[in-house]
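A.B. asks: Okay, sequence plus prediction incoming.
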Amino acid sequence: MTKFVLKRLAHTVIVLLGVSVMVFFLIRYLPGDPLDVLFTQGSGDEVTAADDLAEGRRRFAEGIGMVGSLPSQYLNFLSEIVQGDLGTSIFRRIPVSTLIATTLPLTLQLAIAGQIVNILLSLPLGIVGALKQNSIWDRGGTAFALIGTAMPNFWQGIMLILIFAVWWPILPVSGVMDLGLSVEHITGIPIVDAFVTGNWPAFWSIIRHLILPAITLGASASLVRILRSSLLEVKHQDFMDAYRARGLRERSVTSHMMRNALPTTVVIFGIRLGAIIGGSVVVETVFAYQGMGWLLINAINQRDYPLIQGIVLTFTVFTVLANLLSDIVHGWLDPRVKVEAKT
Amino acid sequence: MSENPPRTELMGSSEFTNHHLGRTLEVRNLVKSFKVGSESFGKAERIKAVDDVSLFVPAGTTMGLVGESGSGKSTIARLICRLLEPDSGQVLVDGDEVTAGTKIPKGYARKVQIVFQDPTASLNPRWKVRRLVAEGIRVHGLRSRSETKERVAELVSLVGLPEHALDRYPHEFSGGQRQRIAIARALAVEPEVLVLDEPVSALDVSVQAQILVLLQELQAASGLTYLLIAHDLAVVERFCDEVAVIESGRIVEAGDPEIIHSRPEHPYTKALVEAHPVPDPHERTMYVHAQDKAEVAE
Amino acid sequence: MSDTDDLVRIADAEDVDVTSDAALLGEQPTRSWVVMFAFAVVAIAVFTAIFAPALAPHDPTAQSLVDRLQPPGTADHLLGTDAIGRDILSRIIYGARLSLGAAFLVATLTSVLAVSVGLISGYFGGWVDTVIMRIVDIWLAFPGLILAIAMVTALGRGLDKLVLALVLAGWAGMARVVRGETLQLREREYTMSARVLGVGKIGIMFKHLLPNIMPTILVITALDIGSTILGLASLAFLGVGIGSEVVTWGSMLSEGRNYISTAWWVALFPGLAIFFIVLAVNLVGDWVRDRYDPRSPFRRAKLDAATRKAAEEQEAASVRDAATAGGGG
C-alpha cells in the first residue's frame, strides 16, 4: 500500500510540474505582447505621460516576473508558487493568493453542495435501476440521466431562476447571502463559520442562496449510469450466484453487491468532483456567486493575467488532488488496484 | 470439396520446380533475454528466452523445433524474421548475415517469411484476399500491375483456393482456408526460407493434415527450406527431416525425428513424448496417409 | 452539468480500464423509435443550418427598437424578439450554423490530432511513448472547461481561434484511447506479418492499424460531438473567445439572462435548441457505439453469434472431409 501511495504521489508531482510549465507558457505566449495589450488599452493603470507609461511598463513587467531569460523566469515562477505567492492582481492591486483564499471556500462550498445533490439523485436511481433491471424505474433513471447530460447547465440555471425567483419568487437569484449580513471569518467557508458562531440568519440566508446553484450543478445525476453499471457488473458475477445458491437472503446479497461496487464508484466520484469544481465556473456566472469561477471570468474580461494564471492553477491542483485522493481510497478499498499499479 | 482442387499437376509443373533454389538457414549462438518485473524501481530482472541457440537447416529440408509453451521456440521464430532484435548471435540466410545491432540487409524480408499459428489473427480483417496476397509483391515492387494480378491468382490456386476467393474477406473462410491464404501471402515474395510457427495447431485435426500436405507439396515443387515450430512431437515426426528439442531457451536434443520420438534421451524430451500419447503410432500414420490419398484422388 | 460531460464521455470510453469489459453490461440498446427521433432531430438541424438564409423569416441581426421584447406569437415573430428587437426564431436558425458547423469541425480536427498522436505514441513506443503519455497526463489533469478557457485566453478572440482552442484542449483523452488500441494491434499477428513482408512503419500505421482503429475513433467522435456543442455554447455564454458579434445560441442565452424577469422567451428558446440537439446527438452517439464499438456488449453478442456460425460451418465441413477421407481410405 505504501509503495502504491508513493508511486501515485510521485506521479502526481510530475503531473503538477507539467501543469505549472503549461500554465507558465500559456500566459507567456499570449497573442502579441501582453504588456502591449495592457499598456495601449489604457487599462487599470492611470498613466498619461509617455515617461510614466514606459516606467509603469517596466515596473509592471518586474511585478509579474516577466524579466530575464525564460528558464530563469520559470524557476522564479515555480519557487514563488511553491511558497504560495501567485503574484498580484493587476486591477485589484491585491495579491492573487488573497483573492483565491476568499473565493475558493465559496467554490468548495458550492461544489460540495452540488455533489450532495448529485448523490441524493444518483444513489437511489442507480441502485433501483440495478436491482430492478429493465423496470420502469430503471428506464426512468436512465432517461433522467440522458436528459440531465444533454441540458446545458447555464440554461438550466436560468430556467430555475425563472421558475423560483420570477414566477414563484421564493428563492434568491444571486450572491452568496443577503446584503447586510456578514459572518465572522473563522474557516473562510461562510456556511461553516455561520454555523460555528451560531449566526442563524446568515446561515439560513447562505443555504437559501445555495439551493438553486447546487441543483444546477448536481441535478444531472451524472453518476446514475456509472453507478448502475458497476452494480450490475457485480450482480452478474459468479460469486453473487454462489451467495444466492447458498441461500443468503436477497437483502444480504444486495449488501454484498453494494460493497463490491463501492471502489469503482469512489473513483468516478473523485473524477466527477474535479469536474464539478470546473463546472462551477458557469454556474457561478449565472448566479453571480462570487466564487473562484466567477472571479476567473471577471479576470478574463479585464485581462488580469496574473489572476487568470493563479485561478487556472488552483482549479487544476484541486482536480489533481481530488483524483489522487480517490485513487488512494480506491486502492485501499480494492486490493487488485495495487497489483496493477497502473500509471 | 472446394478447398482441394487437383494439385498433382502443379507438383510436376516446371514453373515451380527449380524456380528458385531453396538455400540454407543457419542460426549461430543466438541469445535473447527479456526484462521481467517492474522497471520503475530499477530491479528489473532479465531472463534468457533464447540461450545460445545454433541451428543448421540444409536447403530444401525441414527442421522441426519442439518445446512447450514458454520454451523460447516462438522467440527464435521472431528473431529469425527480425520481429525481435537479438542480444547477440547471427542468422544467415543465403549468404545474408544478420547480426545483432546491424542493419537488416535490403531484400532480407524477401528471403525469409513466416506463417503464424492463428490465421484469424494473422490476416488483416479489413482487407480482401487479393490485397492481402498482393501486399508483399507491391511492397517490393516485384511485378507490374497486371503481372501482380496474374501472380496473385496463380498463388491462390497454388494453395488450393478457388478463384472467387480473391474478392472475399478473411472472415468468410474456414480456419484451414485462412491458413492457405496466409501461406499464399508469404509465398508472394518468393522466399527461400519459411518459418512455420505452429501452423496447424489452431486447426481441426482433419484440416491439419491437409495443410501439412500442402506444405510438403510446395516444398517438393520449389525447394523451400522450412523451420517448423511445434509443441507436439507427433506432428513433427512425420513432417521433418530433423528435429531439435528446446527447453528454457536451450537446445537439449537434436537428430532424426523417428529416433527422438521412439528413444528420447533427454529427460525433457521423454516428458514431452509422454505428454502427447498417441494410442498407436502406426494406426495414426495410417489415418494421415488415408487422408493424403483422399486429397490426391480428388 | 454540461461541462462535466466530456468527462462522462471519457469515463464511458475508459470504463474498460477502470473496471472491466463488462462495465457496459447493464446498458440496453436504445429503443428504435428513440433512435429514429434522434436521427430526425439531427437531420432537421443540419437542414436548418444549411438552408438558414432561405428558412429564416428575418435578418438575424436586423434591429428594431419598436419591436423590442415582443412575446412569442406576435405577428411576424413566432418566438418573439429580444431586447433590441431581433427575431429570435431567425437567430436560432442562424445559430444552428455555428453550433453544428463549429462542433463538427472541432470534432473532426480533434480526431485527426488525437489519432496521429495516439498512433505515433502506441506504435513507436519507447521514450516517444513515455513523453507523449506524460503530456497526455498533464492535459487530462486540467478540468476540461478550464483548459478550454485558458487556451482561448492564450489564443485570443475569434471563431477560428475558438475552434483551435477546443481542439487543443480536447485531444488528450482520445489520444490515450487510440494509443491503447494501437499497443494491442501492434502485437497482433497481422501487423507482424506485414513487418516480415517488409512493409514500412508508415504503411503499417496507416494501412493496417488505422482501418482497424476506425470503429473506435468513430464511436468516440460520435460521443464527443454533444459535449463539444455544449462546450462551445458554454464559452459563448461566458463571453470567452467569442461574444455577441456572432449569432450563437450561447450568446443569445447570455443576453437572455439579463431580461429573465421580464422576457422569459429570450432565454428559453435558444436553450431548448441546445438541449434538443445535444440530446439527439448523444442518442445517435450511443447508437453508433452500440453498433460499431468492438467493446460494446451488443456488438460483441453479434460477433459471438457470427463466430459461432462460422465455427459450426467449419465443423460441418470437417465432418464432411472426414467422411470423404474415410471413404477414400
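C.D. replies: Yep, that arrived.

A.B. asks: Give me the phi and psi angles of the residue of the stretch 151-300 of chain C found nearest chain B.
C.D. replies: Nearest to chain B, among the residues of the stretch 151-300 of chain C, is residue C:198, at 3.3 Å (CB to the nearest CB). The way it works is simple: take the backbone N, C-alpha and C, and place the C-beta from them, glycine included. Per-residue torsions, residue C:198: phi 100, psi 20 (degrees, to the nearest 10).

A.B. asks: Could you measure from it over to residue B:262?
C.D. replies: 42 Å (CB to CB, to the nearest Å).

A.B. asks: show me where the stretch 51-200 of chain A has helices.
C.D. replies: Applying DSSP state H, counting those that start in this stretch to the stretch 51-200 of chain A gives helices spanning A:70-82, A:96-131, A:136-150, A:153-161, A:190-196, A:200-218.

A.B. asks: Show the pLDDT at residue B:6.
C.D. replies: Listed pLDDT for residue B:6 reads 41.

A.B. asks: and what of residue B:37?
C.D. replies: Residue B:37 is given a pLDDT of 59.

A.B. asks: now swap in the one 5 residues further on and tell me
C.D. replies: Each residue has a pLDDT score; the one for residue B:42 is 51.

A.B. asks: Kindly report the same for the one 3 residues further on.
C.D. replies: pLDDT recorded at residue B:45 is 74.

A.B. asks: How about residue A:107?
C.D. replies: 90.

A.B. asks: Can you tell me, leaving aside adjacent residues, what's nearest to it?
C.D. replies: Sequence neighbours aside, residue A:291 is the residue nearest to residue A:107 in space, at 3.7 Å (criterion: CB to CB, 6 or more residues apart in numbering or on different chains).

A.B. asks: Could you pull up the contacting residues of that neighbour?
C.D. replies: Shown in contact with residue A:291 (CB atoms under 8 Å, 6 or more residues apart in numbering or on different chains): A:103, A:104, A:106, A:107, A:109, A:110, A:280, A:284.

A.B. asks: cool, residue A:258 as well?
C.D. replies: Neighbours of residue A:258 in contact, by CB under 8 Å, 6+ apart: A:127, A:231.

A.B. asks: circling back: among the contacts of residue A:291, which one sits closest to chain C?
C.D. replies: Nearest to chain C among the contacts of residue A:291, with distances taken as CB to the nearest CB, is residue A:280, at 9.3 Å.

A.B. asks: Neighbours of that closest one, how many?
C.D. replies: The number of residues packed near residue A:280 is 31, by other CB atoms under 10 Å in any protein chain shown.

A.B. asks: How is it assigned, secondary-structure-wise?
C.D. replies: helix (DSSP: H, G, I helix; E, B strand; the rest coil).

A.B. asks: That one touches residue A:217, doesn't it?
C.D. replies: Yes. Taking CB atoms under 8 Å as the definition, residue A:280 is a contact partner of residue A:217 at 6.6 Å.

A.B. asks: before we move on, the earlier item: relative to residue B:190, how far out is the residue nearest to residue A:107?
C.D. replies: 72 Å.

A.B. asks: quick one: the helix or strand harbouring residue B:35 near chain A?
C.D. replies: Per DSSP states H and E, residue B:35 falls inside strand B:25-36. No. Residues of strand B:25-36 are not located near chain A by CB under 8 Å from any CB of the partner chain, the shortest gap being 15.3 Å.

A.B. asks: Determine how far that strand lies from the middle of the whole chain.
C.D. replies: 18 Å (CA atoms, centre = their mean, to the nearest Å).

A.B. asks: Do any residues in that strand lie close to chain C?
C.D. replies: No. Strand B:25-36 lies out of reach of chain C by CB under 8 Å from any CB, never closer than 13.1 Å.

A.B. asks: so where do the helices sit in the stretch 51-200 of chain B?
C.D. replies: B:73-80, B:108-111, B:119-122, B:129-139, B:145-158, B:175-187.

A.B. asks: which helices and strands does the second one pack with?
C.D. replies: Contact analysis of helix B:108-111 by 3 or more CB pairs under 8 Å, 6 or more residues apart in numbering or on different chains; DSSP states H and E lists strand B:96-99 as its packing neighbours.

A.B. asks: Just checking: what are the partner strands of the strand it packs on?
C.D. replies: strand B:88-93 (antiparallel) (DSSP bridges).

A.B. asks: and the partner strand with helix B:73-80, angle?
C.D. replies: Here strand B:88-93 points in a direction 70 degrees away from that of helix B:73-80 (axes from the mean of the first three to the mean of the last three CA atoms, to 10 degrees).

A.B. asks: Contact partners for residue A:99?
C.D. replies: Residue A:99 neighbours (CB under 8 Å, 6+ apart): A:89, A:92, A:295, A:307, A:310.

A.B. asks: Columns distance to residue A:160, neighbour count and pLDDT on top of those residues, output as a markdown table?
C.D. replies: Shown next, in a markdown table, are these (distance: CB to CB, whole Å; neighbours: other CB atoms under 10 Å in any protein chain shown; pLDDT from 0 to 100):
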| residue | distance to residue A:160 | neighbour count | pLDDT |
| --- | --- | --- | --- |
| A:89 | 32 | 22 | 83 |
| A:92 | 31 | 17 | 82 |
| A:295 | 22 | 27 | 93 |
| A:307 | 29 | 26 | 89 |
| A:310 | 31 | 27 | 90 |
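
A.B. asks: Now the two most distant members of these.
C.D. replies: A:92 and A:310 (11.8 Å; CB to CB).

A.B. asks: what's across from the residue positioned nearest the centre of chain B in the sheet?
C.D. replies: Geometric centre of chain B, nearest residue: residue B:196, 1.2 Å, by CA atoms, centre = their mean. As for beta bridges, residue B:196 partners with residue B:115, residue B:228 under DSSP bridges.

A.B. asks: Test my guess that residue A:20 contacts residue A:76.
C.D. replies: No. Using CB under 8 Å, residue A:20 is not in contact with residue A:76, being 11.9 Å away.

A.B. asks: Neighbour count: these two, which is higher?
C.D. replies: Set side by side, residue A:20 and residue A:76 show more neighbours around residue A:20, with 20 against 14, by other CB under 10 Å.

A.B. asks: so where does the more buried one fall, helix or strand?
C.D. replies: helix A:2-28.

A.B. asks: Now residue 137. Nearest residue, chain neighbours left out?
C.D. replies: Unless you meant another one, I'm taking chain A. residue A:128 (4.7 Å).

A.B. asks: let's do chain C instead
C.D. replies: Using CB to CB, 6+ apart and skipping the chain neighbours, the partner closest in space to residue C:137 is residue A:15 (5.2 Å).

A.B. asks: what about that neighbour, how many neighbours?
C.D. replies: Counted by other CB under 10 Å, the residues lying close to residue A:15 total 20.
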